[in-house]
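> A predicted structure for the sequence below; I have some questions about it.
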Amino acid sequence: MLRLATAGESHGPALVGVLSGLPAGLVLDRDAIDADLARRQQGQGRSPRQRIEQDRVEVLAGLRHGRTLGTPLAIVVRNRDHENWQWGMSPWRPEGEPEGKGTKPVTLPRPGHADLAGALKYGHEDIRDVLERASARQTAITVAAGAVAKALLAHLGVAVAGAIVDEGSVEDARADRDTVGGVIEVRASGAPPGLGSYASREDRLDARLGAALMGIQAVKGVEIGDGFALAGLRGSEAHDEILPGFTRETNRAGGIEGGVSNGEEIVVRAAMKPLPTLMQPLRSVDLRSGAPGEALVERSDVSAVEALSVVAEAAVAFELARAAREKFGGDALGDFVAAHRAYLERIPWRPR
């Protein structure tokens, strides 16, 4: 089973990920991982923090001379901005007088963020204890893990790519000191039929991809294939007819039927809400005093839709790699690839 456990706060020392279940012998390209991290930081509406971070991946365990060992892969992405938050985000209570950023308690929650619900759930009096982990900064580890997953999928002939479908006017929003959202799409080509399962809801590939995308900050909607548009069609119009050679002329199902990949291109889309940290803050109520006020103002993007396309690409790649590991197994990369090859020889399907 391929698994990813993450830890880290937005302005803490670093983001950490432990990726287990990789086969031994997979060659990783550090430059390729760093390139995906750089893509995550790009976009017309990004904040100045992206110029501060310049993310780079570090590996602490599970890799030797660029090859996986079959043991857990420990990856780190440092937060370079932490030097400005050393007192405010120190893991241990620091000595001396408070200095730098993050020293004052945050008590005015932002509408649309995890601030209020998180503070109530965990009993935090300082909302920074919530927002530092709820921040989209942690998606850097998602992207690094997704780059590893794409390296594994490449051995099966599977390629994953994300792109923007729709985005609000960034420059207009910037001029108004506001934010915009949008819609992204991820396409995965070359995935064989048989990933996922109809046997239980937890194993359905569409449910797993939906959860992977809904787990990304600011995502409020997900669809597979033609998704919501299918609700307005008749059954005779909605489904993809099967032709000789088990091919399809249409792909309204987005490559998944009954929770199982069917050999067509996998297509998923995600809708991102406008970001909740605003330069012109919305009304809020002080967590301590109960007095009306204005929500916290902190450095924010105008739009992160382009970044979402990269993060969603990584999330889809990781979930497909997880499904492929379940299907084909293998402690060594050669075993994994051989099982995939044997499966393709058994079934009447070939990638286009």
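It's in.
> report the longest helix in this protein, please.
Assignment by DSSP state H gives helix 305-328 as the longest helix of the chain.
> Run the chain-centre distance for that helix.
8 Å (Cα atoms, centre = their mean, to the nearest Å).
> Could I get the CA-only coordinates of that helix as CSV?
Coordinates of the C-alpha atoms in helix 305-328 are reproduced here as CSV (Å, rounded to 0.1, in the frame of the first residue of the first chain):
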residue,chain,number,x,y,z
VAL,A,305,-5.9,28.5,-9.6
GLU,A,306,-2.7,27.9,-11.6
ALA,A,307,-1.1,26.5,-8.4
LEU,A,308,-4.2,24.3,-7.9
SER,A,309,-3.7,22.7,-11.3
VAL,A,310,-0.2,21.6,-10.3
VAL,A,311,-1.4,20.4,-6.8
ALA,A,312,-4.4,18.5,-8.3
GLU,A,313,-2.1,16.9,-10.9
ALA,A,314,0.1,15.7,-8.1
ALA,A,315,-2.9,14.4,-6.0
VAL,A,316,-4.4,12.5,-9.0
ALA,A,317,-1.0,11.0,-9.8
PHE,A,318,-0.5,9.9,-6.3
GLU,A,319,-3.9,8.2,-6.1
LEU,A,320,-3.4,6.5,-9.4
ALA,A,321,0.0,5.3,-8.3
ARG,A,322,-1.6,4.0,-5.1
ALA,A,323,-4.2,2.1,-7.1
ALA,A,324,-1.5,0.7,-9.4
ARG,A,325,0.5,-0.5,-6.4
GLU,A,326,-2.6,-2.3,-5.1
LYS,A,327,-3.2,-3.9,-8.5
PHE,A,328,0.3,-4.9,-9.4
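> Sort out which residues of that helix are buried, please.
305-325, 327-328 (16 or more other Cβ atoms under 10 Å). The C-beta positions use only the backbone N, C-alpha and C, and glycine is treated the same way.
> Quick check: what element follows it along the chain?
Beyond helix 305-328 in the direction of the C-terminus, DSSP states H and E gives the next helix or strand as helix 333-346.
> Point out where the stretch 1-150 of the chain drops to low pLDDT.
Regions of the stretch 1-150 of the chain meeting the criterion pLDDT under 70 cover residues 45-53.
> 80 - rerun?
Per-residue confidence of the stretch 1-150 of the chain (counting by pLDDT under 80) places the weak regions at 44-53.
> what ranges do the strands span in it?
Assigned strands in the stretch 1-150 of the chain, in chain order: 3-7, 14-20, 57-61, 63-64, 67-68, 73-78 (criterion: DSSP state E, counting those that start in this stretch).
> So which residues of the protein form helices?
Taking DSSP H as the test, the helices found in the chain are 30-40, 49-53, 115-122, 128-134, 139-154, 170-175, 205-214, 235-238, 305-328, 333-346.
> Compare those and report which one is nearest to residue 161.
Using Cβ to Cβ as the criterion, the shortest distance between residue 161 and those is 6.2 Å, found for helix 305-328.
> Could you list every helix and strand that that closest one packs against?
helix 30-40, helix 139-154, strand 159-167, strand 182-189, helix 205-214, strand 266-272, helix 333-346 (3 or more Cβ pairs under 8 Å, 6 or more residues apart in numbering; DSSP states H and E).
> what's across from residue 163 in the sheet?
residue 185 (DSSP bridges).
> mind checking how far it is from residue 305?
Between residue 163 and residue 305 the computed distance is 10 Å (Cβ to Cβ, to the nearest Å).
> what is in contact with the two at once?
Taking Cβ atoms under 8 Å, 6 or more residues apart in numbering as the contact rule, the neighbours common to residue 163 and residue 305 are residue 184.
> Now the residue of the chain most remote from its centre: closest residue in space, sequence neighbours ignored.
Among the C-alpha atoms of the chain, the one farthest from their average position, using Cα atoms, centre = their mean, is that of residue 96, at 38.6 Å. Of all residues not flanking residue 96 in the chain, residue 87 sits nearest, at 7.9 Å (Cβ to Cβ, 6 or more residues apart in numbering).
> Kindly report the same for residue 111.
Spatial nearest neighbour of residue 111, excluding adjacent residues (Cβ to Cβ, 6+ apart): residue 282 at 4.9 Å.
> what's the one you found in contact with, if anything?
Taking Cβ under 8 Å, 6+ apart as the criterion, residue 282 is in contact with 110-111, 294-295.
> any chance of those in TSV, plus neighbour count and distance to residue 41?
Converted to TSV, these look like this (neighbours: other Cβ atoms under 10 Å; distance: Cβ to Cβ, whole Å):
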residue	neighbour count	distance to residue 41
110	24	22
111	13	26
294	13	29
295	23	25
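> Show me the two of these that sit farthest apart.
With distances taken as Cβ to Cβ, the most widely separated pair in those is 111 and 294, at 10.5 Å.
> Residues that sit against both of the two, list them.
Here residue 111 and residue 294 share the contacting residues 282-284, scored by Cβ under 8 Å, 6+ apart.
> So for the nearest residue to residue 254 once chain neighbours are set aside, what pLDDT did the model give?
Leaving aside its chain neighbours, residue 254 sits nearest to residue 225 (2.5 Å; criterion: Cβ to Cβ, 6+ apart). Per-residue confidence at residue 225 stands at 98 (pLDDT).
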